[in-house]
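[1] this one's structure only:
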């Protein structure tokens with residue numbers, strides 16, 4: 001029997017139990033209870049009866065696609081709960097994917113308070129094999145947010161249209177680039193833009209429109225949006241729509257400065273959830289963990305002691321050793337799991353920052369060390385060593401508004417390993433187990449995780465390069481074992497290969513793109529040009545984005561991976577000083593072209609953009625990013641003042657020609673109508689002015705009697721036509 005064709009039960013949280021329990025469709029019923037020998041699943045807890053509940057199969061076992069399950073309470077004392085609501089005993093209750101099942105527990109999660117106080121809460125999940133389908137069905141369901149699994153092979157048809165069709169081009173959307181003073185975020189074919197005039201955050205649809213963007217909804221920008229993210233696309237395999245609070249659809253999660261976490265429907269802008277986080281800590285960052293389905297919120301950190309010892313506290317109650325606080329939610333649907341603090345008494349007084357990602361806790365110290373701990377150990381340790389927290393002020397009721405601290409780290413957990421990295425830069429890869437750390441600002445190295453051994457050829461970057469040139473190293477975002485090195489010099493892709501003879505790894509270059517700028521190579525080869533010296537021989541460190549006469553143009557190469565089509569898009573841009581006299585002392589960003597490659601970096605398509613963005617010469621910071629989402633191509637140029645977004649959509653040449661003709665015809669008709677309705681005044685009344693002789697009643701020697709009569713008639717005509725006009729001293 002294929003496990004992907006069976007419904008499953010997952011413990012909430014799943015860290016408390018091993019693999020998921022399979023509801024095999026060849027069985028008519030599955031029983032849960034405390035008595036061994038008579039039940040299929042043993043739940044040994046104080047609120048569990050000997051024979052507590054029964055799962056009853058609905059549908060034929062021969063066709064797993066039509067199998068569903070219902071639950072039947074066998075009449076225990078405490079009862080059975082579905083979504084925290086007790087069901088009637090001896091009456092079957094139909095289950096849906098994502099329902100919470102409490103075995104004698106009305107809570108939303110399981111707990112462990114000693115061996116005799118364990119509670120059991122499970123979440124039922126539909127078969128993983130339901131996620132397969134063809135391209136048309138997958139695309140249609142994806143627009144509705146109903147697709148459970150998207151795979152690159154399902155989008156082979158769309159991939160051919162994007163990369164190989166000669167009758168389709170990327171056309172720039174009508175209306176010019178999108179300009180915003182704040183950050184522009186994209187997701188689910190929509191963009192969110194800050195409107196400074198109305199103090200709102202506006203959402204526009206750019207995918208389902210042929211020409212212009214359509215405004216969908218607006219939300220108030222006050223209280224300030226500290227951070228926000230857009231969740232869209234297919235649901236993870238355990239879930240199946242519909243879910244409570246429309247969690248299966250595209251959703252927007254907003255973290256406001258008022259310490260509220262709000263979730264909106266991305267299509268309508270309707271508020272679905274509004275949660276108050278805490279009165280003790282002010283949270284400012286969102287960090288999703290898609291692999292584990294979690295959402296991590298982190299508060300501001302405290303570097304110096306003050307009267308308000310708690311990080312961003314709204315009150316004065318907390319110990320002075322707290323550096324930071326974290327809240328972990330289950331992302332789909334949004335449910336609270338844990339709230340814990342990072343204490344200096346536990347991790348040391350030299351702690352500088354902390355982060356939670358990939359199921360790990362990263363603690364950073366002032367000596368550039370990073371200690372890595374397992375969140376599984378911390379959660380287990382916190383649950384077993386849990387202690388009730390005591391309030392230290394009289395305002396206990398006001399301070400406990402929100403989610404309480406239910407996980408306290410009393411002692412320092414065992415450390416997995418320690419890494420020393422410049423600026424605490426660390427990136428990890430699981431296949432194989434390697435990590436990337438920073439040696440300096442522009443030099444990186446790749447090491448093995450188990451023994452900290454340097455990978456052969458793993459040192460990348462140029463230490464002597466200074467100024468505007470920058471580099472970055474990261475693991476490939478696809479499933480392949482590759483390292484990508486990109487920056488001002490170009491782009492390099494290297495395979496991670498295993499040397500079984502020497503029992504080590506080495507990097508082998510498989511693809512490279514070199515930038516066409518020669519000045520950066522000249523400056524990197526000559527350290528004297530990149531680092532000038534003073535009279536006493538000290539090297540002067542140039543600030544970021546420094547322009548001089550040696551290198552007036554800097555080329556930058558960046559990339560983006562489209563996971564649904566399994567494509568890589570590489571963008572080439574350059575920054576230079578604008579030579580136009582009308583815009584002196586300005587910097588110009590020139591976006592040249594976008595090249596689309598397959599997973600093996602074979603060139604499939606080259607799209608010339610030729611976009612120019614100009615900003616002030618005092619605005620030195622600039623960042624160019626690229627987004628490829630199916631048939632949409634977005635290029636964003638972000639500076640310290642504003643963000644400019646250039647949007648392109650893949651359209652057939654016939655549609656481009658039709659749109660160009662239809663867009664020109666209304667303009668001509670409007671112009672003709674405006675010209676016909678425009679009032680036509682007598683030009684003589686507008687141009688006629690009194691002369692110097694007329695002001696002082698002096699006769700002109702050149703005027704004849706006929707000319708005087710003509711002028712008199714013109715003056716009378718102008719007076720009659722402008723009776724309501726105020727006449728000045730000079731007159732008309």
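    Yep, it's here. Since this is a predicted model, take the numbers as computed values, not measurements.

[2] all contacts plus neighbour counts: C-alpha atoms, from now on.
    OK.

[3] Dihedrals phi and psi, the nearest residue to residue 21 once chain neighbours are set aside?
    Leaving aside its sequence neighbours, residue 21 sits nearest to residue 9 (C-alpha to C-alpha, 6 or more residues apart in numbering; 5.0 Å). Per-residue torsions, residue 9: phi -120, psi 130 (degrees, to the nearest 10).

[4] Residue 9 pairs with what?
    For residue 9, the beta-bridge partners under DSSP bridges are residue 21, residue 124.

[5] was I right about it contacting residue 122?
    Yes - here residue 9 reaches residue 122: they are 5.9 Å apart, a contact under C-alpha atoms under 8 Å.

[6] Look at residue 27 and say how many residues are nearby.
    Number of residues near residue 27 (other C-alpha atoms under 10 Å) recorded here: 11.

[7] mind listing what it touches?
    Applying C-alpha atoms under 8 Å, 6 or more residues apart in numbering, we find residue 27 in contact with 57, 61.

[8] rerun that using 10 Å as the cut-off
    By C-alpha atoms under 10 Å, 6 or more residues apart in numbering, the contact list for residue 27 reads 55, 56, 57, 61.

[9] Distance check, the residue positioned nearest the centre of the chain against residue 432.
    With distances taken as C-alpha atoms, centre = their mean, residue 229 lies nearest the centre of the chain, 5.1 Å away. Using C-alpha to C-alpha, to the nearest Å, residue 229 is found at 30 Å from residue 432.

[10] Equivalent analysis for residue 621, please.
    From residue 621 across to residue 432, the span is 36 Å (C-alpha to C-alpha).

[11] cool, residue 655 as well?
    In terms of C-alpha to C-alpha, residue 655 sits 47 Å off from residue 432.

[12] Counting neighbours, go ahead and name the busier of those two.
    Taking neighbours as other C-alpha under 10 Å, residue 655 and residue 432 compare with residue 432 leading, 16 against 13.

[13] I'd say the more buried one and residue 483 touch.
    No - Residue 432 lies out of contact with residue 483 (C-alpha atoms under 10 Å); the separation is 11.6 Å.

[14] Common neighbours of those two, please.
    Common contacts of residue 432 and residue 483 (C-alpha under 10 Å, 6+ apart): residue 496.

[15] Model confidence score at the residue nearest to residue 372 when sequence neighbours are not counted, please.
    Of all residues not flanking residue 372 in the chain, residue 362 sits nearest, at 4.8 Å (C-alpha to C-alpha, 6+ apart). Residue 362 is assigned 92 on the pLDDT scale.

[16] so residue 362 makes contact with residue 354?
    Yes - distance between residue 362 and residue 354: 5.5 Å, which falls inside the contact criterion (C-alpha under 10 Å).

[17] Now do the shared contacts for those two.
    Taking C-alpha under 10 Å, 6+ apart as the criterion, residue 362 and residue 354 both touch 370, 371, 372.

[18] residues touching residue 42, list them.
    31, 32, 33, 34, 35, 36, 48, 50, 51.

[19] Show me what it is bridged to.
    Beta-bridge partners of residue 42, as defined by DSSP bridges: residue 33.

[20] any idea how far it is from residue 30?
    In terms of C-alpha to C-alpha, residue 42 sits 11 Å off from residue 30.

[21] Please apply the same query to residue 631.
    47 Å.

[22] Any stretches of the stretch 301-450 of the chain with poor pLDDT?
    Counting by pLDDT under 70, the ranges of the stretch 301-450 of the chain that qualify are 303-320, 382-400.

[23] Show me the strands in it, by range?
    322-330, 335-343, 351-357, 360-365, 369-374, 417-420, 426-430, 433-440, 443-448 (DSSP state E, counting those that start in this stretch).

[24] how about the ones you listed, which one is nearest residue 563?
    strand 426-430 (17.5 Å; C-alpha to C-alpha).

[25] tell me what the closest one is packed against?
    strand 433-440, strand 443-448, strand 471-475 (3 or more C-alpha pairs under 10 Å, 6 or more residues apart in numbering; DSSP states H and E).

[26] Which positions in the first one come out as buried?
    Meaning strand 433-440. Using 16 or more other C-alpha atoms under 10 Å as the burial criterion, the residues of strand 433-440 that qualify are 434, 435, 436, 437, 438, 439.

[27] I'd like the distance from the nearest residue to the second one once chain neighbours are set aside to residue 179, if you could.
    For residue 435, the nearest residue in space outside its immediate sequence neighbours is residue 428; the separation is 4.3 Å by C-alpha to C-alpha, 6+ apart. Distance from residue 428 to residue 179, counting by C-alpha to C-alpha: 35 Å.

[28] in what helix or strand does residue 60 lie?
    Residue 60 is part of no helix or strand, with elements assigned from DSSP states H and E.

[29] Near the closest residue to it other than its chain neighbours, how many other residues are there?
    Of all residues not flanking residue 60 in the chain, residue 67 sits nearest, at 6.5 Å (C-alpha to C-alpha, 6+ apart). A count of neighbours around residue 67, defined by other C-alpha under 10 Å, yields 18.
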